[in-house]
Structures are given as C-alpha cells and as structure tokens.
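In: Whatever this is, show me its structure:
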Amino acid sequence: MGRISKLMILALLVGSVLRFANLEGKVYWHDEAYTALYATGHDRTDAYEALFNGQLKTAGDILVWQQATPDYGLDQTIRQLAKNDAQHPPLYYLLTRMAMYVTGNTVVATRLIAAIAGVLLIPAVYWLSLELFASPLTASLSAALIAVSPFHYLYAQEAREYSLWALTTVLASGALLKALRKNTLSTWLVYVAILTTSLYSCILMFLVIGGHGLYVALQAIATYRQKRSLYAFIGLRNFTLSTAASLLLFAPWLRIIPDANVVSWTAQPIPILSLVKIWAGNITRLFFDLNLDSTDSLFYTIPPVLIALALVGYTLIWSIQRMPKPALLFLACVGGVTLLAFVGPDLAIGGRRSSVTRYLIPAYLCIQIAVAYLLSQLLISKRLPHYSAATSKSATAVLLVAGLVSCLASIPSDTWWHKKNSHLNPEVARMINQIPGALLISSDNNANLGEILSLSHRLNPDQPLLLSQEPNVPTIPDGFESVFLFNPSAKVRDELNQSSTYRVMSVYEPGRLWQIQSK
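Out: Okay, the predicted model is just below:
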C-alpha cells in the first residue's frame, strides 16, 4: 500500500497544479467566446450588427466585444444572459466578470473560475466518498482518480460553467447525505444554500435534484417497511421543504428559462452504432485520453476503450453484489436519472443528446466513485490470493499513471477533442497570419459569429476582416495581395465561382478556409 499511497498523493498534487498549467494555451473556442461576450455585458444582436456590416475591421476590433469595460457592469451581464442565453444561469458569468476586474481582459481570466472549481472538486469528491462509504482509503482514491481524470482536467480549463456545476453537484450530494444523517436545521440550510448555488450554475442541476429526490424517497420507503413508523418520512419531508426553498430562491431566473432558445442540434439524428461508439469513447476519456478518435489507428484506439469498458462493466456487476446498499442506491439514483434523461430520448426518438459529455457529468462522477470503491476494496481485501492483490495494486497504479500521462500530453496542445467546431481554428489563423497583406472575408453563415469571435484571439490584432450578411455576396476591395474566405455557404462560393472576376479555391477544407483568386 505504501507505493500506492505515494502515487495517490502525487496524483492529487500534480492533478491540482495541472489545472492552472498553460491555462491560455488551448484554442478559445466558439462557446467560450460567447462566455466572454455575455460575461462582459455585450449584446449578441449588437455584436452581430456591428461586425457583419460589410465594412473593413481588424481582429482587434472584434476582440473588443469580448472585453470588460466600465460602461458594462454586472447588471449588464445578467441582462444579456437573460435576453440571449437564459438556459445558462448567471453565476459562472458573474464570477468570470469579477475575475476580469482583477486579472484583466485575458483568456486566463475567463477560465480562472473553472480552474479553481476544478481544484476544489478534488477535496469535494473526497468528502462525498467519505459520506458514502466512511472509508478514508476509498475517499482518497476517489479524489486521486478525479484529480488525474483527463475529462475533469479538460473542463477545468474551459471557460464554461461545467466545472463549477461538477463541484456544486458533489457538494450538494455530500450536504444531502449529511443532512439526512444528522437531520438538523443547520445541515438542511447548508443543503439549501449549495443546491441554490448549483441551480444558478447550471440548469441541468434539476436532473441531480431528481436523483436526490428518488434516493430520499426510496430510502424512506425502505425504512418504513422495516420500522413501520412515520418517522421514516421525516427526511423526505425535510428534503421536499429544502428543495422548495431552493426553487423559490431560483424563481427569478426560472421564470426566464421558458423563453430561452432550445438546443435543437442535440435532437439531430445519428446512427445508433455511431452513438454507441461515442458512449464508449466518452467513458474511456474518464481515465485515459490522448485525443484519439475514429480517424486514428485501431491499434491505438481499441485497447484503451476495451479496458475502460471492461473496468466499468466489472465495477457495475461487483457493485450490485457487494457495495453497501445505501451507497449503491445513491450512486444509481444520481447517475441513473441523468443518464436516462439523455440516453432515453436518443434511443426512443433519435438524437445525440447523450453524446455531449458535459451533460452527463453527474453520471460520470458516480462511475468514477464506484470504480474507486471497487479498487479500494480489492486493495485491502484479505480474502484475495497474493497474485490478485498484486493485480489490484497494478490496476490502480495503471489508472493513476494513465490519467497523469493524459493530462500531461494535453498541456502543450493548442486544441483537443472537446473544442469542436473550433478545433482547427489555430491552424486557420496560422495560415492567415503568415501571409502579409491578406484579407479575411466571412459571412454570418451557420454559427460564424462564434467562430469569428474565436478566431480573433489567434489572428494578428491588425489582421483586416470583411464580414457580410448572407445571401449578399461580399464586394471585395482592392489593395490586398491575398483574399481568404472562411466558412462561407455553398451559395456564396458558387456565386463567386460563377462570376467573371473570381474563382474560389480550397486552401484548408477541414478548417473551412478558401481563397478567392482573380480569373
């Protein structure tokens, strides 16, 4: 156990530090650009009209829309989120705006809250595991697995609210277990405070509340069957009152959400086999991730996927048989409700909701805690033969090292799998920056506002851009040696090709970059 203990301590320390390593390095992708837009109190419609007006501007002009100024206070942050993106509650954005007051208009400022939440998640998982199992070894191993998990590392460096949601989900879960155990007013008030904070962090917390409620109800029913006393339902009563209090505190934002835009792209159909492959890949990324995907050699992708699936599958079977029933029930309720909320509709009516890893954070946390419990029990079991105990130690060491290697491999990279659709923007910017006197033209095709905001962080500040609204074909000004076209619609490309003056040539098709040349 000595070497494993040292490795866990190393994992905890290194995993915490790595969350702040090269925080500005990876591409500031589409969604993060919107975080900066709203956190700084800018209006999406105003940005659209000011940028896509057919007039020349520079990348520096575009960056202004993602920078905080004294003219836009915290009230503007709330107002713009409520108007443009109400499905994202305001807490992360407000905290980000305050971080920008301290550290300035930097990428680091917008990712700083996520990194801090990512570090705090590690001791929070320790506490939750301790509440579940009363085992310091299990709690330590759970925290270590989370510390080096490449999945949690990536979202701890993402300027979005999901790292904060993971933290508040774990804290709310631990607070619930403590409140049920002690059943005092102060413990329930703590649960109300954390639950309300989590609701203001991410709207998906409603699924976790559903898992909490299911667990409390099932526990109350089981206790009543054993003792035949209405006292068994006191915990359920207190949970109901606490949840009602949190919802009341969340009501000011809750009334805005029905007017929010629906994330319709998650309902787009996808072949079931492709969906299953994504599920398998996402589970693997909880423990090991070298940014491999379906285009990489099968030699590199299949073994880690099979190992991860075997580990999770064995954990599920073993947990059903041997995990303490209250802990098993809690993990099954919290993780299961979230999982079914996304997998169920995908299987029933089609869609790709369950392919979005960040939506399944509570389920993934439950899986990792269950794996930690399995490994901890195998490590201390006296009934196992010597070779099995050695295998358990080796498996634990391999998991921790695999996570560490994955996080270290990701640090120097300027992009990763979770940056789609902007993952190729760094290369696009490099190609444009290396040609002096180049003009970049784009339009409002598809999601180009977010992509242009993203690109502005990588382009030279004085890089000229001309942005127009479709279906208008942009008028190309004279005086530029090279003219690039970024992510145009097929209609715009065709019209330019059919003109007597220009032709459009693909320069970097994966990155949606074209070049306009004179005929």
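
In: Low-confidence stretches in the stretch 151-300 of the chain?
Out: Across the stretch 151-300 of the chain, the ranges flagged by pLDDT under 70 are 259-264, 293-300.

In: now the helices: where do they sit in it?
Out: 162-182, 185-199, 205-227, 234-254, 272-284, 298-322 (DSSP state H, counting those that start in this stretch).

In: among those, which is the most enclosed?
Out: helix 162-182 (a mean of 25; mean count of other Cβ atoms under 10 Å). (Glycine included, C-beta is placed from N, CA and C.)

In: the inter-axis angle of that helix versus helix 185-199?
Out: Orientation of helix 162-182 against helix 185-199 (axes from the mean of the first three to the mean of the last three Cα atoms, to 10 degrees) gives an angle of 160 degrees.

In: For helix 162-182, C-alpha coordinates in CSV please.
Out: Presented in CSV, the C-alpha positions along helix 162-182 are these (Å, rounded to 0.1, in the frame of the first residue of the first chain):
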residue,chain,number,x,y,z
TYR,A,162,-19.5,22.8,-16.2
SER,A,163,-16.5,22.5,-13.9
LEU,A,164,-18.5,24.7,-11.4
TRP,A,165,-21.5,22.5,-11.9
ALA,A,166,-19.5,19.4,-11.1
LEU,A,167,-18.2,21.0,-7.9
THR,A,168,-21.6,22.1,-6.7
THR,A,169,-23.2,18.8,-7.7
VAL,A,170,-20.7,16.9,-5.5
LEU,A,171,-21.1,19.4,-2.6
ALA,A,172,-24.9,19.3,-2.8
SER,A,173,-24.8,15.5,-2.8
GLY,A,174,-22.5,15.4,0.3
ALA,A,175,-24.6,18.0,2.0
LEU,A,176,-27.7,15.9,1.4
LEU,A,177,-26.2,12.8,2.9
LYS,A,178,-25.0,14.7,5.9
ALA,A,179,-28.4,16.4,6.3
LEU,A,180,-30.2,13.0,6.2
ARG,A,181,-27.7,11.6,8.7
LYS,A,182,-27.8,14.4,11.2
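
In: hmm, back to that, would you convert the helices of the stretch 151-300 of the chain into CSV that also reports distance to L18?
Out: Shown next, in CSV, are the helices of the stretch 151-300 of the chain (distance: least, Cβ to Cβ, whole Å):
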stretch, distance to L18
helix 162-182, 14
helix 185-199, 25
helix 205-227, 27
helix 234-254, 33
helix 272-284, 19
helix 298-322, 20
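
In: For the stretch 301-450 of the chain, just list every one of the strands.
Out: Taking DSSP state E, counting those that start in this stretch, the strands of the stretch 301-450 of the chain run over residues 438-443.

In: where does it have low pLDDT?
Out: For the stretch 301-450 of the chain, the stretches flagged by pLDDT under 70 are 301, 382-389.

In: The same query, at a cut-off of 90, please.
Out: In the predicted model of the stretch 301-450 of the chain, residues 301-306, 350-352, 378-395, 420-421, 436-437, 445-447 satisfy pLDDT under 90.

In: now the helices for it?
Out: For the stretch 301-450 of the chain, the helices defined by DSSP H, counting those that start in this stretch occupy 325-349, 361-380, 386-410, 425-433, 448-455.

In: cool, and the stretch 1-150 of the chain?
Out: Ranges of helices in the stretch 1-150 of the chain, per DSSP H, counting those that start in this stretch, are 2-18, 30-39, 44-51, 59-63, 74-84, 91-103, 107-133, 136-147, 150-155.

In: which stretch among the ones you listed comes nearest S518?
Out: Shortest distance between S518 and these, using Cβ to Cβ, is found for helix 59-63: 24.9 Å.

In: For L449, which of the helices of the stretch 1-150 of the chain is the nearest?
Out: Using Cβ to Cβ, the helices of the stretch 1-150 of the chain put helix 44-51 closest to L449, at 5.8 Å.

In: Could you pull out the buried residues of that closest one?
Out: 44, 47-48, 50-51 (16 or more other Cβ atoms under 10 Å).

In: could you redo the helices of the stretch 1-150 of the chain as TSV and give each row distance to G344?
Out: Shown next, in TSV, are those (distance: least, Cβ to Cβ, whole Å):
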stretch	distance to G344
helix 2-18	33
helix 30-39	25
helix 44-51	32
helix 59-63	41
helix 74-84	29
helix 91-103	28
helix 107-133	26
helix 136-147	27
helix 150-155	22
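
In: Can you say which of those is nearest to E451?
Out: Here helix 30-39 is closest among the helices of the stretch 1-150 of the chain (Cβ to Cβ), at 5.9 Å.

In: CA atoms of that closest one as PDB?
Out: Extracted C-alpha coordinates of helix 30-39, given in PDB (Å, rounded to 0.1, in the frame of the first residue of the first chain):
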ATOM      1  CA  HIS A  30     -17.000  29.000 -30.100                       C
ATOM      2  CA  ASP A  31     -18.800  28.500 -26.800                       C
ATOM      3  CA  GLU A  32     -16.100  30.200 -24.700                       C
ATOM      4  CA  ALA A  33     -16.200  33.200 -27.000                       C
ATOM      5  CA  TYR A  34     -19.900  33.500 -26.100                       C
ATOM      6  CA  THR A  35     -19.000  33.300 -22.400                       C
ATOM      7  CA  ALA A  36     -16.700  36.300 -22.800                       C
ATOM      8  CA  LEU A  37     -19.400  38.100 -24.900                       C
ATOM      9  CA  TYR A  38     -22.100  37.700 -22.200                       C
ATOM     10  CA  ALA A  39     -19.800  38.000 -19.100                       C
END
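
In: ok, now how distant is H152 from L145?
Out: 9 Å (Cβ to Cβ, to the nearest Å).

In: shared neighbours of the two, which are they?
Out: Common neighbours of H152 and L145, counting by Cβ atoms under 8 Å, 6 or more residues apart in numbering, are absent.
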